[in-house]
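>>> Model the structure of this input:
(4 chains)
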Amino acid sequence: MDNLIALLIAAPLLGAAVLLCGGRRLDKTGHWLGTLLAAVSFVIGLALFADMLGRSADDRAMHQHLFTWIPVEGFQADVAFQLDQLSMTFVLLISGVGTLIHVYSIGYMEHDERRRRFFGYLNLFVAAMLLLVLADNYLLLYFGWEGVGLASYLLIGFWQHKPSAATAAKKAFLVNRVGDIGLSIAIMLMFTTFGTFAFGPVLASAGETSEGKLTAIGLMLLLAACGKSAQVPLQSWLGDAMEGPTPVSALIHAATMVTAGVYLIVRSADIFNAAPDAQLVVTIVGAVTLLFGAIVGCAKDDIKKALAGSTMSQIGYMILAAGLGPIGYVFAIMHLVTHGFFKAGLFLGAGSVMHGMNDEVDMRKYGGLRKYMPVTFVTFGLGYLAIIGFPGLSGFFSKDKIIEAAFAKGGTEGWILGAVTLLGAAITAYYMTRVMLMTFFGEKRWQDDADGNPPHPHESPKSMVIPMVLLAVGSVAGGAVFELSGFVEWLEPVTGYAHGHPPISAAAVTAATVAVMVIGVGLAYLQYGRRPVPVVAPRGSLLTRAARRDLLQDDFNHAVFVTGGTHLTRSLVYVDHSLVDGVVNGTAAGVGGLSGRLRKLQNGYVRSYAVSMFGGTAVLIAATLLMRAV
Amino acid sequence: MNPVNYLYLAALLFTIGAVGVLIRRNAIVVFMCVELMLNACNLAFVTFSRMHGNLDGQIIAFFTMVVAAAEVVVGLAIIVSVFRSRHSASVDDASLMKL
Amino acid sequence: MSFPLLTATAAVPAVGAILTAAVPAARRTTAKWLALVVSLATLVLAGVVFARFEPGGDRYQLVESHSWIRDFGVRYELGVDGIGVALIALTALLIPFIVLAGWHDADPLETQSKRWRPTQGFFALILMVEAMVILSFEATDVFLFYILFEAMLIPMYFLIGGFGDRAHSGSDENAAAQRSYAAVKFLLYNLVGGLIMLAAVIGLYTVAGNFSLTEIAEARANGSLEMAASTEKWLFLGFFFAFAVKAPLWPLHTWLPNAMGEATAPVAVLITAVVDKVGTFAMLRYCLGLFPEASKWATPAIVVLALVSIVYGALVAVGQRDMKRLVAYASISHFGFIILGIFAMTSQGQSGATLYMVNHGISTAALMLVAGFLISRRGSRLMGDYGGVQKVAPVLAGTFLVGGLATLSLPGLAPFVSEFLVLVGTFARYPVAGIVATTGIVLAALYVLVLYQRTMTGPVKEEVRSMPDLRPRELAVVAPLIAVLLFLGVFPKPLTDVVNPAVQHTMSDVQRTDPQPEVPVQNVEAAK
Amino acid sequence: MNALAVHSLWTTAAEPLNKIPAPKIEYTQLAPVLIVLGAAVVGVLVEAFVPRRGRYLSQVFLSVLALAAAFAAVVGLAAGGYGTTKAGIAAMGAIAVDGPALFLQGTILLASIVAVFTFAERRLDPADHGHKVDSFAAEAAAVPGGDHEKAAVKAGFTTTEVFPLALFAIAGMLVFPAANDLLTLFIALEVFSLPLYLLCALARRKRLMSQEAAVKYFLLGAFSSAFLLFGIALLYGYAGSVSYATIAGVVDGSVGTVNPALADTMGNDVLLLIGFALLLMGLLFKVGAVPFHMWTPDVYQGAPTPVTGFMAAATKVAAFGALLRLLYVVLPGLTWDWRPVMWGVAIVTMLGGAVVAITQTDIKRLLAYSSIAHAGFLLAGVIAATPSGISSVLFYLGAYSFVTIGAFAVVTLVRDAGGEATHLSKWAGLGRRSPLVAAVFAVFLLAFAGIPLTSGFSGKFAVFKAAAEGGAGALVVVGVLASAVAAFFYIRVIVLMFFSEPKADGPTVAVPSVLTTLTITAGVVVTLVLGLAPQYFLDLASQASVFVR
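Residues are numbered from 1 along each chain as shown, chains lettered A, B, ... in the order given. Sure thing, here's the model as predicted:
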C-alpha cells in the first residue's frame, strides 16, 4: 500500500509531461487527459485514506523511500515520502479540489487556444503541491515548494500577452524567492545543528539544541511561510496574482498553495513548541495579516481582489492559530480545509460571474445578478455564509475554534489576540456582505465592455456549475462533518493537541463571534444595501484610499526596492564600465602614451644616438665605480 | 717624465675625439674624430706597454692602425656614396628613418 | 603499458582539428560533418574514461607518464581524479552541441575571397580547444598544465576575434572593431594572468625541483619538501591570480562580458562553459593541492571576493540590455558560487563546486544557445528589440524559460543541487557568507525573469511577428541538454559518486575536516 | 724608479728579439674559421676573374658549400670531444676551442646558411630587362636614380660581392665568441662589423634609406669600437696583458701583482673597472641593449631585409657569446661588481624595447625593437652567472636566431609596387588574402611572444628559470611584465593580419623560389621542434656550457 504514495504524484506529473511536450495533436483531448489524471490521483488518495482509517491511530503514517537524491559526504538527501494524517488531509484537499477545478476549467478555458498548456500547468501544480505535502524531509519539501512557485508563476502569467500578467507573475515569483531564502537558511541551520533535515530526526531531537537555534530556525521557516502564504510583510504579490485565470486563483491562490505556509509551520510543530519567541512572532504576523487583508478586502472594487484580500485575512487566522501551539494547530488545519472549500467556491462563483459579464471584474458594474445566474448566486451565497461564520456552516466551526484558542493563549496576549480575531470576524462579515450586495443585489449597473457589446449575463455551462455546487456542499457541511467525525483526534497524533481554556467560557466566545458577525453584516447592509452603489467609486476616507492601494505597501516596495534597485544596478553597470574596466584600459593607455613619448627619443639624428651611447657609457662607468665604492 | 702623463694625454685626446663625434655635423669630420679616439687608444697602449715593460701594447697599436685603415676604406666608401646621392656630407641630413 | 586512453581522448579531437582544417575550401559541409563526428567520437572516449574510472580506487587513475623535458624537470604525466573525469565528461558532452549550434555561424560571406576558409577554421579551432581543455584536465604535471593553460588561449582568441556575432548593433567596421577589442582584451587578460603564473611556476621549480603534482604533494606531505610560508604565499598568489582571471573572479572579470557579447553564441558557451572551468578546476587541484597553508591563509579574502562576484555580477546582470552580456554577468555570479564552494573547504562545498562546474556548463549552454538562436532570427542582441516571442515561437520560448530556470537553479534542475550544496557547505563554515550568498538566489531569479519577460512576453512586436520556431537542428541541440539538466537535477548520484572521493582527497590535502553538527549524530539516529 | 722602469723596458725588449718562437697553429681546431675565411678570399677572386653571368651561381655555390663544410667541421670537432674533454686554447692562446665556442659557431653557421639562401633569392621582384634581380643594388657605387644606375640595371648587373662580404662577416663572428684575448676580440669585432656596414648600404630599393642606415651603423659602430678599444687599453694597463687567463688571474690575485708604478699613481681597480665598463659598452652595443640600442631600429629598417635578418640573428649570437666569455672567463672575480650594473641594463632593455615597440608602425622597426626586448631577456640569463645560465642563453640564441631569420624572410615576401610593403597598415587583412603566409608569420610572432609550444617559450622559460635559480627572481618578474607588454604588440600584428578587412590596394604576396621557402620552412620547423621537444638541444646546450680557462 505504501508504494502507492509515489503514484499520487506520478499521475499528474505524467499528465504535465505529456501535455507540455505533446504538441498540438493533443489540443483536442488534452484537457480530458489532465482532468482524468488529477482524478486518478484523488482516487488513489481515497484508497490510501481508507487504508489509513483501517489502522490504529498511532501507526497510520506510511513511508516510501524511492532513491537517494543527493549523496555527499555528511550530507544525505533522499527522495522519500511520508504520508501521515496531516499529509493525508492535504492530499485529499489538493487532489479533490484540484480535480473539481480541472473540471471547471474545461468550461472556463474553452475558448482559449492554449488550453492544453493550461491543463499541463495545472497538472504540474497538483504534482508539485502533492510533493510538497508528501515529502519526508525539508529539502524535498523545498523541491515541491519551488515547484508550486513555478506553477503559480506560469499560471499567473498564463495570459502573457498582457504585460500586467507577466509582471504579476514575475512579482509573485520574486517575492516567493525572498521567502525561499528563509527556507534555505532554515534547512542549512538544521543541517549544521542536526546533521540532517529529515522530518523524523530533526523534529525528534529538536529538544537537544539551544532555544536560540530553534528560534532562528523557526523565524526562518516563518519567513518562508510569509512568502508562500502572502503574510505581511511578503503579502504584496497575492493581489496582483489575480491577473491569472480565475480557476488558478481558486485552486492555487485560495485553496491550496497559499496555505502551504500553514502546513510548514504545523509540520514543524516540535520546533515551534520549543521556541516560544518564534511562536509569538508567528501569532503577531498572523494577527497583523488578518486585519490587513480584511481592511484591504473592504476597499477593493475588483471582486477577485476583494476575495484575495479575504484569502490573505483567512490565512492570517490559520497562521495565528498555528502560532498558538498545540491548542491551535488542529484548528489551523481545520480552518484551512473549510477555507479551501468555501473560498474555492467563492472564486469559482466570481469566475462564473465574470464569465457572464464579459470578464468584467469591477463589482460597481455588477448588481442584481441573482435573477440571471441563480445557481451561481446560491453557491456563492452559501460560500458567503460559510466564510462569515454563519452558525452551522463550516466557517463557523473552524473560525470559532480559532477565536476560542486565541483567547485561550492566556495573559494579555490572549486578550489582544482574541480581540483581533473577533474584530477580524466582524470585518470579514462586512466586506463579504459588501461583495454579495454589490454583485447580486441592487439595481443593474452594467456597462458595455471595450468592444461596445453589452453584457448579457447567463448561467455558466454544466462543467462549471457542477464543481461550484459540490464545493458549496463542502462549505456547508464541512465544518459540521469535521466537528462530528473528530477531526481533532484524527490529527492529534501528528500535531499534538492541548485543549485551550479561554478565560471566558466557550459559549461566550461563540456568542461574541456571532454578535460581531451580525454587526458587520448590518453595517455593510446600511452602506450598500439601503443606498444605491455609485458606479464611480467615491473618493472615500483616507483609510479607504490607502486600503484601495493595498495600504500603500506596494508604493513602499516600489519606492524602496524597484526604484532603489534600478538606481543601484544602473550605477553598478556604470562602475563596472568606468571604474573596474577603466583601471585596466587606463593602464594600457598609460603604457601607450609612455611608448609614444619614448619613441620621440629616436629622432633619426646619429649624433643624438651617439649622445645616448656616450651618456650610457658614463652611467655604466659611474655605476661600476659606485658598486665598488659601496 | 712620468709616463702616466701620457695616459692623461691619451684620455684627453680620447675625450676630445668623443666630444667631436657628438658635436660635429660633417660626416668626414665625425669620422676623423673617431680616428682620433683610436689613436688615443694607441697612445694608451704604447704608454702601458712602456710601463709594464712588455711589447704587447706596441704590437696592439700596430693592429689598431691596420684596423683604422680598414675602417677608413669602408667608412669613406659609404660616406662618399651618401654624399653623391645627397650632395651633402652632413650627418643631420641623413635622418629619413626616425621614431 | 596499457592503451593510453587519456592521451587518445585528447588526441582524437586534436587530429580531428588538423583534418578539419585540411578540408578543401569548396567542401565546407564535409568539414562540418567531420567535426561533428570527431566530437562525438571524443564523447564516446570520454564515456569510456568515465566508465573505466573506479571511484573507490587510487586518487589518480589511468595514469600515463613519459619523460619530456628533463632539463626543466617536466614529464608528460596524465591521470584523472573524479573531478577531472566529471569535467572531461562535461567538455566532451558540450562540444557536439556547440558544433551543431554553430553549424552556420562560420559560413563565408560572398565578399570574402575563395581561398579564405572560415568554416574549416572555425570547427578546427573548436576541436583544438576541446583537445587542449581535455588534456589540461588530465595533466598531473604543473608545467604541462601551464603550457596547455596558455596555449588554449590562441585558438580561443581566433574564435572570438575571427568569428564574431553577425548580429550586432552598429556598422560592420564598428562591429569588427568591438570584436577585435574583445578578442585582444580576452587574450591580454589571460596572457598577463598566465605570465604571472609563469613566474610562480618557475618559482615552484626552484623550490621543488620538479613539476610532478603527485611528487610535490607527497614531498610536502612527508615534510621532505620544506617551503617557507612567505614563499608559499607568493607562489599561491601567482597561481591564483591566473586562475582568478580565467574563472573569472571580481574584479578581474571585465573581459568576459566583452568576449561573450562579441563572440557567436556557441563560442560564448565554449568560453564560459568549458574553458573558464579550467580556472576553477585548477584552483581546486593546484592552489589547494600545492599550497594548502597559503590557501587557508588567503581564504577570508577570497571568500569576500567570491561574495562580491555573486552579488555584484547578479546586480550588473539585471542592469544589462544586451542579453548575451546579461548571461555573461550571470556566469560571473555563478563563478562566484563555485569559488566560494571551493574555498569553503567542506565536503559539501567542494562537491557542490565541482557539480556546479558541470551544471553551470550545461545550463549556460542551454540558455545561451537558445538565446543565440533567438538572436540569429532577429539580428539583435538587445532585449528591447524583442517582445511577445512566446506567442509566435512557443517552443523556443519554452526551452529558453527552462534554460533560465536552470540558471536561477530551480529545484528539479541540475544547478539547484550544486548551488544548494555550495550554500550548505559554505554556511557550515562561514554562516554569514552563506547567508549573503543565499541572497544571490533572489537576484538570479530577478535577472532571469526580467530577461524572459522583456523578450518573450507582452504584446508581439512587429519585427518578431514572422519569427520561425525552433528548427529540428536547433531542437536537437537544446532538447538533450534539457534532458541532462532534468536527469542530473533529480538523480545526480552518478556524478557525486565519482566526485566525492576526489573531494575527500582535496580535503585531506588542506587538512580540513567538516564542521560537525551540534547535536551528535547518534542522538539523531536514535531519534529515527 | 723611472730609470728602473726604462731599464726593464730595454731588457725585456732586447732579449726576445733574437729568439722569437715560431707560432704554433692548431689547424684542425681552427678549421671552421679557416674554411670560411678561405672561401671568402676565393669569393673575392671569383669576383675578379669569373665572367659576370657565372658569378651568381658560383658565389652561391661557393658560400653554401663553405658554410656547410665549416658546419661539418664544427660537428666533427664537437664529436671529437673538443667541446668537452679536449677543450683547449688554440693559436697561441688567441682562440678558445670549447663547448660554448663550438655551439655558437654551429648556430652561427646554420643561421648563416639559411640567411645566405635569402641573399640568393631572385624570384621576389619581377625580372628587370629580362634579368632576374635580388634584393641588392645593381651597382652600389652608382648614384640612386642616376643614369649610371639605369645602365647597370639594363645590363643586368648584380652585386654578387655580397657573398664574400657575408663570408668575411661570418668568419669574424665565428672568431668573436671564441676569442681568448682582447686583441683577437677587437679584431674579430672589426672583421665582422666592416662587411656588415657595407652590406647595409646595398639595398636595391629605397637606396637612400639603405645608405643612411649604413652611415649610422658605421659611425656609431666605429664610435663604440673606439670605446671598446680604450677599454681594452685600460685592462691591458691594469693587467699588463690582454690574454683572458692572465687578466682573470690578476683580477682574483692569483697571478703576480700589478706594476707599482700604476698602483701608486691611480687606484688600479679604477683602471680595471673603467676598462671593464668600456668593454662592456662595446659588447652591449653589438647586442643592442638599452641605451646602446638606438642604431638598431634605423639600421634594421634601412638595410636590405635579408641582411637585416642575418644581422639580427648572427650578430646577436656572436656578441652574446663574447659577452658570456668575457663575464664568465675574464671577470668571474668581478661578479659582484658587474651583476648590479647588468641588472639595471637588463631591466631597462626588457622594458624599453617592449614599451617602445607598442607604437611602431613599420614591421621591420617593430621586429628591431622586439629584438631589443629579447636582448633584455637574454641578459637576464647571462646575469644568472651559473652553468645553467650559460646553457639557457645558448639555447635561447639558437631558438631565437631561426625565428628571426624566418620572420624577416616572410617580410621579404610581402611586396607592393615600391618593393617590400613594410608599413603595418599594408599588412591589414593579409590573413584573408594569403592565409598560409599569414599563419607562418603568426607562428613566428607567437614564438617571439613566448607562447607555449613554440621555441620562444622554451627559451624564455630556460632563461627565466636560470635567472630565478641564480637568485634574480625580481628580474624574472620584470621579464614577465615585459613579456606581457611585448605580447600586446605581437598580438596587434596578428589582429591586423586576420581580423581587419584587406585593403583594396593591399600588397601582393610574392611566391618565393625554393631558397626562401627553405629558409622559412627551416624557421618554422626549428620553432616547433624546439617548442615541442627541446630536450635534445637542451642537453646539447648544457654539455656545451663549460668555458675553458
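
>>> Please count neighbours and contacts with C-alpha atoms only from this point.
Noted.

>>> Would you agree D:V485 falls within a helix?
Yes. Applying DSSP: H, G, I helix; E, B strand; the rest coil, one finds D:V485 inside a helix.

>>> what's the pLDDT at it?
As predicted, D:V485 sits at a pLDDT of 90.

>>> mind listing what the residue lying farthest from the centre of chain B touches?
Distance from the C-alpha centroid of chain B, by C-alpha atoms, centre = their mean, peaks at B:L99 (28.2 Å). Residues in contact with B:L99 (C-alpha atoms under 8 Å, 6 or more residues apart in numbering or on different chains) are A:599-604, D:360.

>>> now for stretch C:20-38, what's the gap between its first and last residues?
End-to-end distance of stretch C:20-38 (C-alpha to C-alpha, to the nearest Å): 9 Å.

>>> just to revisit the earlier point, Throw the contacts of B:L99 into a markdown table and include secondary structure, thanks.
Below are the contacts of B:L99 laid out as a markdown table (three-state DSSP):
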| residue | secondary structure |
| --- | --- |
| A:R599 | helix |
| A:K600 | helix |
| A:L601 | coil |
| A:Q602 | coil |
| A:N603 | coil |
| A:G604 | coil |
| D:Q360 | coil |
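
>>> So what does the closest residue to chain B within the stretch 401-550 of chain A have for phi and psi?
For the stretch 401-550 of chain A, the residue closest to chain B is A:R549, as judged by C-alpha to the nearest C-alpha, at 72.0 Å. Main-chain torsions, A:R549, degrees, to the nearest 10: phi -90, psi 30.

>>> residue contacts, it?
So A:R549 contacts A:D555 (C-alpha under 8 Å, 6+ apart).

>>> Can you check the pLDDT for it?
80.

>>> Tell me which stretches of chain A form strands.
A:62-72, A:75-83 (DSSP state E).

>>> okay, those, which one's buried deepest?
strand A:75-83 (a mean of 20; mean count of other C-alpha atoms under 10 Å in any protein chain shown).

>>> what residues does it touch?
A:5-6, A:61-71, A:134-137, A:139-140, A:195-196, C:348.

>>> re the thing from before, pull the most distant pair out of the contacts of B:L99.
Farthest pair in these (C-alpha to C-alpha) is A:G604 and D:Q360. Separation: 14.4 Å.

>>> which one of those two has more residues nearby?
A:G604 (24 against 21; other C-alpha atoms under 10 Å in any protein chain shown).

>>> returning to that earlier point: looking at the contacts of B:L99, spot the one nearest chain C.
Closest to chain C, out of all of those and judged by C-alpha to the nearest C-alpha, is D:Q360, at 17.7 Å.

>>> In a strand, C:D514, correct?
No. Checked against three-state DSSP, C:D514 lies outside a strand; its state is coil.

>>> which residues sit in contact with it?
Going by C-alpha under 8 Å, 6+ apart, C:D514 touches C:345-347.

>>> and with 7 Å instead?
C:346-347 (C-alpha atoms under 7 Å, 6 or more residues apart in numbering or on different chains).

>>> How about residues contacting stretch C:192-201?
C:150, C:235, C:238-239, C:241-242, C:245, D:476-477, D:480, D:484.

>>> Mark which of those residues are part of helices, please.
C:150, C:235, C:238-239, C:241-242, C:245, D:476-477, D:480, D:484 (DSSP state H).

>>> Including distance to C:L78, could those go into JSON lines?
JSON lines is the format used below for these (distance: C-alpha to C-alpha, whole Å):
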{"residue": "C:E150", "distance to C:L78": "18"}
{"residue": "C:L235", "distance to C:L78": "23"}
{"residue": "C:G238", "distance to C:L78": "23"}
{"residue": "C:F239", "distance to C:L78": "20"}
{"residue": "C:F241", "distance to C:L78": "24"}
{"residue": "C:A242", "distance to C:L78": "22"}
{"residue": "C:V245", "distance to C:L78": "25"}
{"residue": "D:V476", "distance to C:L78": "29"}
{"residue": "D:V477", "distance to C:L78": "29"}
{"residue": "D:V480", "distance to C:L78": "28"}
{"residue": "D:A484", "distance to C:L78": "29"}
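
>>> and those residues, which are buried?
Buried members of the ones in helices among the contacts of stretch C:192-201, scored by 16 or more other C-alpha atoms under 10 Å in any protein chain shown, are C:150, C:235, C:238-239, C:241-242, C:245, D:476-477, D:480, D:484.

>>> Go ahead and build a ChimeraX selection from the buried members of the contacts of B:L99.
The buried residues among the contacts of B:L99 can be selected in ChimeraX (16+ other C-alpha under 10 Å) with this line:
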select /A:599,602,603,604 /D:360
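
>>> If anything else comes up later, I'll come back, but that's it for now.
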